[in-house]
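**Student:** here is my input, please return the structure:
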Amino acid sequence: MTKLSVNINKFATLRNARGGNNPDVVKAALDCIRFGADGITVHPRPDERHIRRADVFDLASAIDVEFNIEGYPSEDFLAMVEEVKPAQCTLVPDPPGVLTSNAGWDTLAHQHLLKEVCARLKQSGIRSSIFIGTDLNLIEAAATAGTDRVELYTEPYAALFPSNPFSAVVPFSVAARHAHACGLGLNAGHDLSLENLAYFHEHVPHLMEVSIGHALVCDALYLGLQESIRRYQACLGNLVV
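**Tutor:** Purely as a prediction, here's the structure:
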C-alpha cells in the first residue's frame with residue numbers, strides 16, 4: 001500500500017491572506033484524515049508565510065496519523081522537530097526565500113551535514129527522509145548519510161508527462177529500484193496530480209508514500225475535499241470507505 005500524506009500548507013496560505021483563523025488548519029487536517037488521508041505533511045518556513053510554528057505544535061497534539069514535517073535543517077527547525085517528534089522529518093535543501101521546493105539535495109556536497117542531521121533525528125526516534133532527484137550516485141550518497149528514506153522530487157516527471165509519459169517515468173522507475181537496492185524506503189512528491197499520479201504509481205516500484213498538497217487543494221475547489229482525497233487514493237489503488 002502506498003500511503004497518501006496530504007500537505008496542508010495551502011490551507012494556511014488562505015488563512016494568512018485574510019488574517020484570523022479561517023480556514024482553521026487543524027480542522028482542515030482532521031477533515032483530511034476523516035476523508036481518508038493516511039498522513040499530514042507541513043512545511044513551515046522561516047517567514048511563516050503559510051504554516052506557522054504554532055500550527056506545528058497544534059497539529060501534533062490533534063492528529064493521530066503519521067505526521068511529516070518538511071524543511072531545511074537549520075538549528076531552529078531541528079529543535080522544533082525534536083520537540084514535536086513527528087513520525088518523519090523530510091529534509092529539503094530550500095534556502096529561506098525560495099517560493100517552493102525546486103531541487104533535491106546534492107548529497108555528495110552536503111554529505112557531512114546530512115549525516116549529522118540523520119543521526120540526530122535517529123537519536124530522537126524520528127524517521128528521516130531526504131528530498132532528492134533521480135541521480136543514482138546521489139541516491140547512494142543519501143544511503144551513506146544514514147537516511148531511512150528518500151523522497152523523489154517529481155516536478156520533472158510532471159513537466160514531461162503530458163507529452164511523453166513513458167520517458168517521464170523511466171528515470172523515476174530506475175531510481176526507485178536503485179533506492180530499494182540501497183536499503184532505502186521510497187517516498188515521492190511535488191506536482192503529482194490526478195492526471196499523472198496513477199501512471200506514476202503503476203510504473204514506480206517500492207513506493208511507500210506520496211505527499212500531495214497544491215494540486216489536491218486546487219481539485220478540492222471544484223470536487224470538494226472528500227471527493228478529491230477519494231480520487232487521489234483511487235490513483236494509488238486504495239479504497240476509501
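**Student:** which residue ranges of this structure form strands?
**Tutor:** Under the criterion DSSP state E, strands of the chain are mapped to 3-7, 39-42, 66-71, 88-91, 127-132, 149-153, 185-189, 207-212.
**Student:** okay, the third one in CSV with CA atoms only?
**Tutor:** The C-alpha atoms that make up strand 66-71 are tabulated as CSV, following Å, rounded to 0.1, in the frame of the first residue of the first chain:
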residue,chain,number,x,y,z
GLU,A,66,1.5,10.0,10.6
PHE,A,67,2.9,13.5,10.8
ASN,A,68,5.6,14.5,8.4
ILE,A,69,7.4,17.8,8.9
GLU,A,70,9.5,19.1,5.9
GLY,A,71,12.1,21.8,6.0
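**Student:** sheet-wise, list the partners of it with their directions.
**Tutor:** The pairing partners recorded for strand 66-71 under DSSP bridges are strand 39-42 (parallel), strand 88-91 (parallel).
**Student:** residue 212: which of those strands is closest?
**Tutor:** strand 39-42 (8.5 Å; CB to CB). C-beta: built from backbone N, CA, C; applies to glycine.
**Student:** which other residues reach that closest one?
**Tutor:** Residues from elsewhere that reach strand 39-42 (CB atoms under 8 Å, 6 or more residues apart in numbering): 3-9, 29, 32-33, 51, 55-56, 59, 63, 65-70, 87, 90, 209, 211, 213.
**Student:** state the mean pLDDT of it.
**Tutor:** Regarding strand 39-42, the rounded mean pLDDT is 98.
**Student:** how about it: buried residues?
**Tutor:** 39-42 (16 or more other CB atoms under 10 Å).
**Student:** closest to residue 171 out of those?
**Tutor:** Set against residue 171, the nearest of the buried residues of strand 39-42 by CB to CB is residue 41 (23.6 Å).
**Student:** so where do the helices sit in the chain?
**Tutor:** 9-18, 25-34, 53-62, 75-84, 111-123, 136-145, 155-160, 165-181, 197-203, 214-223, 225-235 (DSSP state H).
**Student:** make CSV out of the ones you listed and add mean pLDDT, mean neighbour count and distance to residue 94.
**Tutor:** Shown next, in CSV, are the helices of the chain (pLDDT from 0 to 100; neighbours: other CB atoms under 10 Å; distance: least, CB to CB, whole Å):
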stretch, mean pLDDT, mean neighbour count, distance to residue 94
helix 9-18, 96, 18, 13
helix 25-34, 98, 20, 20
helix 53-62, 98, 16, 17
helix 75-84, 97, 16, 11
helix 111-123, 98, 17, 14
helix 136-145, 98, 20, 17
helix 155-160, 98, 18, 13
helix 165-181, 98, 17, 21
helix 197-203, 98, 19, 23
helix 214-223, 98, 17, 15
helix 225-235, 98, 19, 24
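**Student:** point out the one among the ones you listed that comes closest to residue 130.
**Tutor:** helix 136-145 (4.8 Å).
**Student:** contacts for the closest one next, please.
**Tutor:** 104-108, 111, 114-115, 118, 130, 132, 150, 174-175, 178-179, 182-184.
**Student:** relative orientation of it and strand 185-189 in degrees?
**Tutor:** 120 degrees (axes from the mean of the first three to the mean of the last three CA atoms, to 10 degrees).
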